[in-house]
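>>> With the sequence up front, the predicted model follows.
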Amino acid sequence: MTKLVLFSSANKQGNTAQLIEEVAKHHSLEVIDIDALTITPYNYQNNYPTDDFYPLVEKILAADKLIFASPVYWHAPTATIKALIDRITELTDVKALKIKARSLAHKPAFVMATSASDELCPIFNGFFEKVFAYFDMQYLAHLHVSCREGFNLEDNVLAKFNTVLNK
């Protein structure tokens with residue numbers, strides 16, 4: 001079962017990377033650093049040069065479970081994650097690609113995030129709720145770690161996330 005993590009962070013060894021490492025101790029994860037990819041920004045003409053978007057879409061569609069991993073920056077995911085989601089809009093615009101957009105329906109989706117807050121920012125979480133609802137994906141769980149006083153992932157929080165991720 002493929003669990004694909006779409007990871008983005010300004011700090012590649014930071015808290016979000018550490019969170020992925022902790023989850024990977026319990027799961028086989030394929031992690032893609034989307035910051036290392038070239039993804040052309042969305043445009044209404046749907047005219048794009050060759051980039052990494054279409055191969056990434058194929059990986060996303062082939063995955064059994066999709067996990068977005070990002071720190072919370074100003075109540076939002078990283079700009080790279082936002083740009084990727086903007087570009088995924090192309091799947092709904094281009095007739096030949098609509099079948100790919102429909103293939104996202106019912107795909108289990110998860111979010112892993114780190115921030116300085118005790119709770120996951122409702123704006124950040126709401127962004128993913130809306131995106132997943134738009135594509136009819138199943139938003140099953142999120143895992144958030146408050147890092148205000150250093151990285152501290154509580155065992156019971158990780159166990160709860162792992163239980164849902166294993167279903």
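Sure thing, it's come through.
>>> Return the residues in contact with residue 107.
Shown in contact with residue 107 (CB atoms under 8 Å, 6 or more residues apart in numbering): 63, 65, 66, 135, 137, 138. The C-beta positions use only the backbone N, C-alpha and C, and glycine is treated the same way.
>>> Could you find the lowest-pLDDT member of those residues?
The lowest pLDDT within those belongs to residue 135, with 92.
>>> List just the nearest of the contacts of residue 107 to residue 158.
Distance from residue 158 was checked for each of the contacts of residue 107 by CB to CB. The minimum falls on residue 65, at 16.5 Å.
>>> re the thing from before, could I get the contacts of residue 107 in TSV, plus columns for distance to residue 155?
Converted to TSV, those look like this (distance: CB to CB, whole Å):
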residue	distance to residue 155
63	27
65	22
66	25
135	33
137	28
138	26
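>>> are any of those residues buried, and which?
Of all these considered here, the ones buried according to neighbour count by 16 or more other CB atoms under 10 Å are 63, 65, 66, 135, 137.
>>> Rebuild those as JSON lines, extending it with secondary structure and distance to residue 33.
As requested, the buried ones among the contacts of residue 107 are exported to JSON lines (DSSP: H, G, I helix; E, B strand; the rest coil; distance: CB to CB, whole Å):
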{"residue": "63", "secondary structure": "coil", "distance to residue 33": "16"}
{"residue": "65", "secondary structure": "strand", "distance to residue 33": "18"}
{"residue": "66", "secondary structure": "strand", "distance to residue 33": "15"}
{"residue": "135", "secondary structure": "coil", "distance to residue 33": "23"}
{"residue": "137", "secondary structure": "coil", "distance to residue 33": "22"}
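>>> can you map out the strands along this structure?
Using DSSP state E, the strands of the chain run over residues 3-7, 29-33, 65-71, 108-115, 138-146.
>>> Tell me which of these is the most buried.
Highest mean neighbour count of the strands of the chain: strand 65-71, a mean of 24 (counted as mean count of other CB atoms under 10 Å).
>>> Residue 90: how many residues sit nearby?
20 (other CB atoms under 10 Å).
>>> Provide a list of residues in contact with it.
By CB under 8 Å, 6+ apart, the contact list for residue 90 reads 42, 46, 48, 53, 97.
>>> Keep only those of those residues that are in helices.
Secondary structure assignment by DSSP state H places residue 53 of these in helices.
>>> Closest one to residue 20 out of the contacts of residue 90, please.
Nearest to residue 20 among the contacts of residue 90: residue 53, at 22.3 Å, using CB to CB.
>>> ok, that closest one touching residue 87?
Yes - between residue 53 and residue 87 there is a contact under CB atoms under 8 Å: 5.7 Å.
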